[in-house]
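Asker: Here's my sequence, what's the structure:
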Amino acid sequence: NTKDEGEGDGKHTQGEPNAAPDYVEIMARYFEEVWLKEIDVLKYPTPPTPYKVEVRNIDPYLGVTKPSNYLTKTTISYIAMDNDYPNYAEIDQKNNIIKVTAAHEFFHALQMYNYNQYPKDNTGGNGKWWMEATATWMEDEVYDEINDYVNYLFGWFEYPYLSLNAFSTVYNPLPDETHQYGSSIFAKYLSEKTPEKQEIIMNIWKTCGEGKRGTATLDAINKVLGGEANFKKFFKNFSTANFIEKPILFIDSQYNYEDDAALDYPDMSIKTSYPLINNPNQHFVGKEPLPAEYGDRLYMLDDKELPHLASHYLKFTPPEQLDKPTKLYLNFKQGPGGSKDWGSKIVLVMIDGTKIITEMVEKEKDFFIFKGDFGFTLYNPKPNEIREVGFIPTNLDQISNLRKYQYSALVIPQFEDAYRNLVSIYTG
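Answerer: Numbering: from 1, shown residues only. Down below sits the predicted model:
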């Protein structure tokens, strides 16, 4: 079922004649719980009361929040909830979906009444992605034990090359059809990794409501984080955390999630893993054989592309012929935009599971390099030897789509003859 149409929530309910009284009373109790958390605990301003919630057949939607006035920046609204949720047969499942839908829709009501019913988006459209991302985030703030938001992360982690603020519709579907709900992971990261914690979401919404027509969503996030440069740094860390969100032995806390549901987050989709499966002894990635001197720039692969606020994830593991540590050289050439518009995080994974984060070093304009230890002793590996390197190119621009980049890689071979044989059979 679809979460909603992107349009509230309520404190009091009224049912259709065919909605069982007990069902309506149970739903009303859940709305009281939602009100207590969102208004009394999180301190969002109170909408006019009594707030109307209808219970009727709205299939395929789980909930709908309808504004009373589509023409004003802010408006009162009402919520419609489904009268039976037929896809949830088990009573616990049905109760849980009612709970999170109530929390989700009521936060839409607060967005519409207090801040901006349709915030703008920096790319020229509306900012409904932020409405849905934060309403889905609110579900977990009210009912932390249900973790329904995790269901939307599977598509989101499968397509990390979609922009953070992309919005899927029936008329313009994305490969991840629930992408805007999965973007709740960004709201989750904001509320965990900033000093304001949960309050940062309210602060961003306040900024979205500033001015006669409001502030665009990404501009509002920039302002609350202290400027666009801070946003870009934050987004690089966010993209890295999504690669290594599982429990780890030692790492800076900015690169993991605190929520207990993080154990159930899906694995990030890897765009390419090297060596390629059909070439297990692959020592380099590039279009042509290497220059004579190790470490010199390789000829780059063909251009890759990323839209704004999106990432690719690449993985490098030792070639089969490598049986002791050596060196890995990575080159990254950015497309138009310069270094301020790209992230190039490196994740080093040790034999013992420890993960260390570093960044490429700018060697010259738009050209970055990484040189580091790589590989492990095959028969007696040491805990601090490196079994995997992750590379995360990220387009940090907030508007322009499809910026290009190139990369190349070289694992220093152990034997000159073996290396030259590999060059002769592999040129791509």
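Asker: now the helices: where do they sit in the stretch 151-300 of the chain?
Answerer: Listed in chain order, the helices of the stretch 151-300 of the chain (DSSP state H, counting those that start in this stretch) span 153-158, 179-182, 184-193, 199-208, 217-225, 228-241.
Asker: Save those as JSON lines, and put in distance to Asn95 too.
Answerer: From N, CA and C alone the C-beta is placed, and that goes for glycine too. As requested, the helices of the stretch 151-300 of the chain are exported to JSON lines (distance: least, C-beta to C-beta, whole Å):
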{"stretch": "helix 153-158", "distance to Asn95": "22"}
{"stretch": "helix 179-182", "distance to Asn95": "20"}
{"stretch": "helix 184-193", "distance to Asn95": "21"}
{"stretch": "helix 199-208", "distance to Asn95": "26"}
{"stretch": "helix 217-225", "distance to Asn95": "33"}
{"stretch": "helix 228-241", "distance to Asn95": "32"}
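Asker: Report the mean confidence score over whichever helix in the chain runs longest.
Answerer: Identified as the longest helix of the chain according to DSSP state H is helix 91-114. Helix 91-114 carries an average pLDDT of 97.
Asker: quick one: average pLDDT of stretch 23-34?
Answerer: The predicted model gives stretch 23-34 an average pLDDT of 95.
Asker: Following the chain onward from the longest helix of the chain, which element is next?
Answerer: Sequence order places helix 128-142 as the next helix or strand after helix 91-114, per DSSP states H and E.
Asker: okay, the angle between that next one and helix 184-193?
Answerer: 60 degrees (axes from the mean of the first three to the mean of the last three C-alpha atoms, to 10 degrees).
Asker: Give me the below-cutoff pLDDT ranges for the chain.
Answerer: 1-21, 124, 245-251, 287-300, 302, 337-339, 414-428 (pLDDT under 70).
Asker: Show the secondary-structure elements that the longest helix of the chain is packed against.
Answerer: Judged by 3 or more C-beta pairs under 8 Å, 6 or more residues apart in numbering; DSSP states H and E, helix 91-114 is in contact with helix 21-35, strand 63-67, strand 77-82, helix 128-142.
Asker: possible to save those as a markdown table with mean neighbour count and distance to Met202?
Answerer: Shown next, in a markdown table, are the helices and strands packed on helix 91-114 (neighbours: other C-beta atoms under 10 Å; distance: least, C-beta to C-beta, whole Å):
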| stretch | mean neighbour count | distance to Met202 |
| --- | --- | --- |
| helix 21-35 | 17 | 16 |
| strand 63-67 | 24 | 18 |
| strand 77-82 | 25 | 18 |
| helix 128-142 | 26 | 9 |
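Asker: before we move on, the earlier item: how about the longest helix of the chain: buried residues?
Answerer: 94, 96-114 (16 or more other C-beta atoms under 10 Å).
Asker: ok, the residue nearest to Ala187 when sequence neighbours are not counted - contacts?
Answerer: Leaving aside its chain neighbours, Ala187 sits nearest to Trp137 (3.7 Å; criterion: C-beta to C-beta, 6 or more residues apart in numbering). Taking C-beta atoms under 8 Å, 6 or more residues apart in numbering, we find Trp137 in contact with 149, 184, 187-188, 191, 201.
Asker: Dump those to TSV, plus distance to Glu359.
Answerer: Converted to TSV, the contacts of Trp137 look like this (distance: C-beta to C-beta, whole Å):
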residue	distance to Glu359
Tyr149	30
Ser184	27
Ala187	25
Lys188	24
Ser191	25
Ile201	28
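Asker: three-state assignment of Val349?
Answerer: Secondary structure assignment for Val349 (DSSP: H, G, I helix; E, B strand; the rest coil): strand.
Asker: Quick one: neighbours of the closest residue to it other than its chain neighbours, just the number.
Answerer: Once flanking residues are discounted, Val349 sits nearest to Glu388: 4.0 Å by C-beta to C-beta, 6+ apart. Glu388 has 17 neighbouring residues, counting by other C-beta atoms under 10 Å.
Asker: Could you do Pro86 as well?
Answerer: 11.
Asker: ok so, going back, need the helices of the stretch 151-300 of the chain in a markdown table (columns: distance to Val55 and mean neighbour count).
Answerer: Listed next are these as a markdown table, based on distance: least, C-beta to C-beta, whole Å; neighbours: other C-beta atoms under 10 Å:
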| stretch | distance to Val55 | mean neighbour count |
| --- | --- | --- |
| helix 153-158 | 30 | 20 |
| helix 179-182 | 23 | 26 |
| helix 184-193 | 26 | 22 |
| helix 199-208 | 28 | 21 |
| helix 217-225 | 32 | 23 |
| helix 228-241 | 38 | 20 |
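Asker: closest one to Met27 among these?
Answerer: Nearest of the helices of the stretch 151-300 of the chain to Met27, taken as C-beta to C-beta: helix 179-182 at 21.5 Å.
Asker: what does that closest one rub up against?
Answerer: Taking C-beta under 8 Å, 6+ apart as the rule, helix 179-182 contacts 3, 128-129, 132-133, 136, 149, 152-153, 155-157, 159, 162, 166-168, 176.
Asker: go with 6 Å
Answerer: Helix 179-182 has contacts (C-beta atoms under 6 Å, 6 or more residues apart in numbering) with 3, 129, 132, 136, 152-153, 155-156, 162, 166-168.
Asker: Next, the residue nearest to Val349: secondary structure please.
Answerer: Glu388 ends up strand, using three-state DSSP.
Asker: you'd agree it is up against Met350?
Answerer: No. Judged on C-beta atoms under 6 Å, Glu388 makes no contact with Met350 at a distance of 8.8 Å.
Asker: Partner strands of the helix or strand where Lys371 lies and their direction?
Answerer: Following DSSP H and E, one finds Lys371 within strand 367-374. Counting by DSSP bridges, the strands paired with strand 367-374 are strand 326-334 (antiparallel), strand 361-364 (antiparallel).
Asker: I'd like these laid out as a markdown table, including distance to Met27 and mean neighbour count.
Answerer: As requested, the strands paired with strand 367-374 are exported to a markdown table (distance: least, C-beta to C-beta, whole Å; neighbours: other C-beta under 10 Å):
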| stretch | distance to Met27 | mean neighbour count |
| --- | --- | --- |
| strand 326-334 | 52 | 20 |
| strand 361-364 | 57 | 11 |
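Asker: Switch those strands over to CSV, and while doing so, append distance to Lys66 to every line.
Answerer: Below are the strands paired with strand 367-374 laid out as CSV (distance: least, C-beta to C-beta, whole Å):
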stretch, distance to Lys66
strand 326-334, 45
strand 361-364, 51
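Asker: Nothing else from me, thank you.
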